[in-house]
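Asker: Need coordinates for the following:
(2 chains)
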Amino acid sequence: MLRSLALWFENRLHLVKVFEATAGHKVPPSTNSWFYVFGSGTLLCFVLQIITGICLALVYVPSASEAWPSLQYLNNQQFLGAFLRAVHNWGSIFMVAIMSLHLVQTFLFGAYKYPRELTWVSGCILFLCTLGMAFTGQVLRFDQDAYWGLGIGASIMGRVPFIGAQLVHFMLAGSIIAGETLSRFFTMHVFVVPGMIIALLSLHLRLVLTKGINEYPKPGRIVSKESYENEYEEAIKKTGVPFVPNVIGKDLIFSAFLVVAIVTCALVFGPAGPNGPPNPTLIHTAPKPDFYFLPVYAILALLPAYMETFLLLVAPVVGIAILILLPFYSGTGEKSFRRRPMAVVVVVLAFLTAGILAYLGTFAPWSPHMEAWSGAPTPVEYIKGRSGLELQGALLIQGKQCRNCHSLNGEGGQRGPALDTVATRLTHDQLIRQVIQGSGNMPAYGKNLSPAEVSALVAFMDTLRPSHQPPARDSTEPLRLPSKDLQAAR
Amino acid sequence: MSDNNQKSDCGCKKVALAEKTPVQPVSRRNALLKLGAGLNALAGLLMGVPVFGYVLSTFSKKSPRTWVSLGPLNRFSEGNTRLAVFRNPVTKPWDGDTIEVPCWVRRVEGEKFQVFAINCTHLGCPVRWFQQSRLFMCPCHGGVFYEDGSHASGPPPRGLFEYQHKVDGGELKILGGNLPTLSEPT
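Answerer: Alright, predicted model coming up:
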């Protein structure tokens, strides 16, 4: 009975043929490796994002006035709403992470080389689309960070020559961030970019079937356009094994592990935000991007101002072009990363750069600590036994917001140098000059401090040195030996 | 398949006909195809132009700027800087809180004012005023501006954006309506 039913369907749908052409296609046995699980892992994350995304859209209201309350509703009242928001958030983080691993693996294994150029190109565009999803998704979490994040996006657009203003209006759907801006990003996040991803993904998978999956590269086996495809086909004929059931096992295990990891993170850490409501008049906020954009956030603080606009507008275009066009200028030759040291160096450098920038982005040493002047205490040892003038200076260091940028005893901003040992670096006169005129990243305080205040401030800073270290010395003055006792001893 | 096979098999007559068609100068099928493609190009244009027009309607340089009031002059004391809020001149019913736009008003003396946009000139984050040190500081990348809006330190490429303003009927008014950026500084 079952058998005849199966045959009935087979007769109409030709399932065996479909299976042989897709899931059951032959692959090199060397691909049965843990290095080959990241593609299917990314796909799993995407499917998870679609499912949770549809669920969230059932409740979320894409309107500037209602989005924030609807997110609160999802978090606090909707049954399992907070959980699904958390899964959607962690799904996106895992998707970007696993996709990056997939990119690195295919790069190191030379999978982009002839004849898989289009697989690489479509994959790179998929990567960009995913980052696009991450940014637009952050906007849909319509809170303070989203609002000011849009302001940052608009400010970058505004730097484009000639059509900057038009691009800003196009991005914001008007001349300010308002209701239509959110609708625009909702459309991108829910219709346009997912549509593009599904289309590109179909192409990507189709290419995996037509051009075959990249074999595990052997050092010394050179790819040439004349012989590669014949060799690949022959190898498949000789030793190829069907993807299902022979090779899919590791993918399944990894995917299951991913689901468990995402759900665990969602349960432990919960949903992301929303933080404060998107009210522009609540200006006591320090906007910060989600983790994938922390390196960008960091580099925008660290670039020299004169090259900033140029790098902001040109570097991404050049970088993306170098990435996408990779198979067209490095399409043949050695595949194995063991014989491609520069490829390994590039990957290590890229990870180090992104990692260090993201790490710096987590505590943003370039940002003033807005509350340090009123909140951070003056260390007791810095005021013990000090004169009235010096104590007045200690008060001024707080009152004039110096500590928003300068730390004492590890508390305060890191924009400027810590002041704990400033007297060993700058002489009395240098301190006066620095306070009044400023220099480098320090504003000039000459207009905002009376002469009496300057002398109090500097008197206090003159005391800021460890007892065993001498104060800074003016190099134009004759050398004075530390003490008379020493001279007497001689 | 050889010609002999085709002729001997009645079922293949259509195939034989189809193979002949390319040789004919203008077949009916060809003409219909061309007509169909042409009509569809026209239909695509008919639909595509309005769709592009709709989507690109915001791709314009114009910002609807109008004079909006920040309140009576006595709200701002001389020699001080304070936050003021105005409603964006163009609103939609679903804008929510986003139509309330903040700005910094500095009353230098008498009727001499400076009105600064809240947005840092670096990347648009909201700058904060510190009365004691008379500085504006930005929380994002550490831009700092002096009391008169000029650049003091950090990455911003210029001083704070300033709104055009006037004193009208005992009220301070500014020309508002756009998010200030480097290519459209208020």
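
Asker: For chain B, which residues score under the pLDDT cut-off?
Answerer: Chain B contains residues with pLDDT under 70 at B:1-26.

Asker: how does it look with 50?
Answerer: Scanning chain B for pLDDT under 50 picks out B:1-16.

Asker: quick one, domains of chain B?
Answerer: B:3-58, B:66-176 (automatic domain parsing).

Asker: Helix or strand: which one has the residue in the stretch 1-150 of chain A that chain B sits nearest to?
Answerer: Per Cβ to the nearest Cβ, the residue of the stretch 1-150 of chain A with the smallest distance to chain B is A:Ser65, at 3.0 Å. In short, each C-beta sits where N, CA and C put it, glycine included. Per DSSP states H and E: A:Ser65 is located in neither a helix nor a strand.

Asker: Can you name the residues that contact it?
Answerer: With contacts defined as Cβ atoms under 8 Å, 6 or more residues apart in numbering or on different chains, A:Ser65 is in contact with A:179, B:94-97.

Asker: So which of these are in helices?
Answerer: The helices, defined by DSSP state H, take in A:Gly179 from the contacts of A:Ser65.

Asker: Please identify the residues of the stretch 201-350 of chain A in proximity to chain B?
Answerer: A:277-281, A:283-287, A:297, A:300-301, A:303, A:305, A:308-309 (Cβ under 8 Å from any Cβ of the partner chain).

Asker: mind redoing it with 7 Å?
Answerer: Proximity of the stretch 201-350 of chain A to chain B, by Cβ under 7 Å from any Cβ of the partner chain, involves residues A:277-281, A:283, A:285-287, A:300-301, A:305, A:308.

Asker: Please spell out the PyMOL selection for the buried subset of those residues.
Answerer: Here is the PyMOL selection string for the buried members of these, based on 16 or more other Cβ atoms under 10 Å in any protein chain shown:
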select buried, chain A and resi 277+278+279+280+283+285+286+287+300+301+308
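
Asker: Export the residues of the stretch 201-350 of chain A next to chain B as a markdown table, with columns for secondary structure.
Answerer: Listed next are those as a markdown table, based on DSSP: H, G, I helix; E, B strand; the rest coil:
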| residue | secondary structure |
| --- | --- |
| A:Pro277 | coil |
| A:Pro278 | coil |
| A:Asn279 | coil |
| A:Pro280 | coil |
| A:Thr281 | coil |
| A:Ile283 | coil |
| A:Thr285 | coil |
| A:Ala286 | coil |
| A:Pro287 | coil |
| A:Leu300 | helix |
| A:Ala301 | helix |
| A:Ala305 | helix |
| A:Glu308 | helix |
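
Asker: Which helix in chain A has the most residues?
Answerer: helix A:81-108.

Asker: Remind me what that one packs against, helices and strands.
Answerer: Packing partners of helix A:81-108 (3 or more Cβ pairs under 7 Å, 6 or more residues apart in numbering or on different chains; DSSP states H and E): helix A:38-57, helix A:67-76, helix A:117-140, helix A:248-269, helix A:341-363.

Asker: Need these in a markdown table (columns: mean pLDDT).
Answerer: Converted to a markdown table, these look like this (pLDDT from 0 to 100):
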| stretch | mean pLDDT |
| --- | --- |
| helix A:38-57 | 96 |
| helix A:67-76 | 94 |
| helix A:117-140 | 95 |
| helix A:248-269 | 95 |
| helix A:341-363 | 93 |
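
Asker: Dump the ones you listed to CSV, plus mean neighbour count.
Answerer: Formatted as CSV, those follow (neighbours: other Cβ atoms under 10 Å in any protein chain shown):
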stretch, mean neighbour count
helix A:38-57, 19
helix A:67-76, 19
helix A:117-140, 20
helix A:248-269, 15
helix A:341-363, 13
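
Asker: would you list these in JSON lines and tack on distance to A:Leu396?
Answerer: JSON lines is the format used below for the helices and strands packed on helix A:81-108 (distance: least, Cβ to Cβ, whole Å):
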{"stretch": "helix A:38-57", "distance to A:Leu396": "52"}
{"stretch": "helix A:67-76", "distance to A:Leu396": "41"}
{"stretch": "helix A:117-140", "distance to A:Leu396": "41"}
{"stretch": "helix A:248-269", "distance to A:Leu396": "43"}
{"stretch": "helix A:341-363", "distance to A:Leu396": "27"}
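
Asker: ok, now which ones touch residue 117?
Answerer: This is for chain A. A:327-328, A:331 (Cβ atoms under 7 Å, 6 or more residues apart in numbering or on different chains).

Asker: not quite, I wanted chain B
Answerer: Per Cβ under 7 Å, 6+ apart, neighbours of B:Ala117: B:103, B:160-161, B:163, B:180, B:186.

Asker: Chain A: which of those is nearest?
Answerer: B:Pro180 (8.4 Å).

Asker: Burial check on the closest one, number of neighbours?
Answerer: B:Pro180 has 28 neighbours, counted by other Cβ atoms under 10 Å in any protein chain shown.

Asker: give me every residue that touches the closest residue to it other than its chain neighbours.
Answerer: Excluding the flanking residues, the one nearest B:Pro180 by Cβ to Cβ, 6 or more residues apart in numbering or on different chains is B:Phe161, at 3.9 Å. Contacts for B:Phe161 (Cβ under 7 Å, 6+ apart) come out as B:116-117, B:119, B:121, B:180, B:185-186.

Asker: B:Val127 versus B:Phe161, what's the distance?
Answerer: 10 Å (Cβ to Cβ, to the nearest Å).

Asker: Note down every partner strand of the strand ranked longest in chain B and its orientation.
Answerer: Longest among the strand segments of chain B by residue count, using DSSP state E, is strand B:100-109. Counting by DSSP bridges, the strands paired with strand B:100-109 are strand B:81-87 (antiparallel), strand B:112-117 (antiparallel).

Asker: export the ones you listed to TSV and tack on distance to A:Arg415?
Answerer: Shown next, in TSV, are the strands paired with strand B:100-109 (distance: least, Cβ to Cβ, whole Å):
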stretch	distance to A:Arg415
strand B:81-87	22
strand B:112-117	21
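
Asker: Pick the most deeply packed of these.
Answerer: With neighbours taken as mean count of other Cβ atoms under 10 Å in any protein chain shown, the strands paired with strand B:100-109 reach their highest mean count in strand B:112-117, at a mean of 20.

Asker: how about the helices in chain B?
Answerer: B:3-8, B:13-20, B:28-55.

Asker: Chain B contacts on the stretch 1-150 of chain A?
Answerer: A:63-65, A:148.

Asker: give me that answer again for 10 Å
Answerer: Counting by Cβ under 10 Å from any Cβ of the partner chain, the residues of the stretch 1-150 of chain A close to chain B are A:61-69, A:142, A:144, A:147-150.

Asker: buried subset of those?
Answerer: So, by 16+ other Cβ under 10 Å, the buried ones in those are A:61-68, A:142, A:144, A:147-150.

Asker: If anything else comes up later, I'll come back, but that's it for now.
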